[in-house]
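**Q** here you go, sequence then predicted model.
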Amino acid sequence: MAMQVSRFEDNGFSPSQQMFTVDWMTLDDLSEVVEIEEISGLNRWGYDSYKREILTNPSAIMLVARTSEDVGRRILGFFAGWTVEDEMHINNIASHPGFRRIGVGRKLLETALGFGGQRGISFAILEVRASNETAQSLYRKMGFKYVNRRRDYYRFPTEDAFVMRLELYA
């Protein structure tokens with residue numbers, strides 16, 4: 001069933017009054033993950049790519065934030081990344097527009113970095129749209145530093161990416 005923004009507002013659900021948990025992403029989560037991806041304007045991975053990461057990539061760190069309610073649990077956001085040697089590459093992180101600025105992205109990123117630390121990473125790297133000042137602000141608050149600009153990195157629409165890096169054991 002397709003998720004609508006209004007669905008979150010039904011039944012008196014208020015994001016500011018709800019707690020959420022961060023869990024490993026499962027195949028059952030993918031329809032909501034893909035919907036959040038699409039409405040967030042991320043470069044499209046799509047259902048099959050997320051499924052492949054979950055099923056076949058032991059280096060993947062695939063997480064979701066979901067409401068803590070037992071009934072009608074909803075995906076609020078997701079994280080997709082992987083670790084290679086001592087690096088974590090953050091591929092996608094997004095929260096549903098109805099649940100932004102309540103700590104979902106921060107908690108997903110903190111949890112992913114914790115798992116990365118357990119795997120021995122020493123730094124994390126990501127690309128972010130040059131126009132996405134909200135995400136850049138979160139990353140800076142968490143210690144990421146600007147390191148480079150990639151011209152015309154994104155498509156639909158074409159846009160530059162800022163490369164940001166977090167040193168974990170400097």
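**A** The structure has been received and is ready for your questions.

**Q** can you map out the strands along the protein?
**A** Counting by DSSP state E, residue ranges of the strands within the chain are 20-24, 60-67, 75-84, 87-95, 123-129, 145-154, 159-167.

**Q** let me have those in CSV, extended by mean pLDDT, distance to Gly105 and mean neighbour count.
**A** Where you see a C-beta, it was placed from the backbone N, CA and C, and this is true even at glycine. Putting these into CSV (pLDDT from 0 to 100; distance: least, Cβ to Cβ, whole Å; neighbours: other Cβ atoms under 10 Å) gives the following:
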stretch, mean pLDDT, distance to Gly105, mean neighbour count
strand 20-24, 95, 11, 17
strand 60-67, 96, 8, 22
strand 75-84, 97, 6, 24
strand 87-95, 97, 5, 21
strand 123-129, 97, 12, 19
strand 145-154, 96, 18, 12
strand 159-167, 97, 14, 17
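
**Q** the residue nearest to Phe20 when sequence neighbours are not counted bridge partners, please.
**A** Excluding its sequence neighbours, the residue lying closest to Phe20 (Cβ to Cβ, 6 or more residues apart in numbering) is Ala65, at 4.9 Å. Note on Ala65: beta-bridge partners Val22, Gly77, judged by DSSP bridges.

**Q** Ala65 and Lys107 touch, don't they?
**A** Yes - using Cβ atoms under 8 Å, Ala65 is in contact with Lys107, at 6.3 Å.

**Q** need the overlap of contacts for these two.
**A** Phe20, Val22 (Cβ atoms under 8 Å, 6 or more residues apart in numbering).

**Q** mind putting the strands of the chain into JSON lines with distance to Gly103?
**A** Putting the strands of the chain into JSON lines (distance: least, Cβ to Cβ, whole Å) gives the following:
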{"stretch": "strand 20-24", "distance to Gly103": "8"}
{"stretch": "strand 60-67", "distance to Gly103": "9"}
{"stretch": "strand 75-84", "distance to Gly103": "10"}
{"stretch": "strand 87-95", "distance to Gly103": "9"}
{"stretch": "strand 123-129", "distance to Gly103": "18"}
{"stretch": "strand 145-154", "distance to Gly103": "22"}
{"stretch": "strand 159-167", "distance to Gly103": "18"}
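
**Q** fine by me, we can end here.
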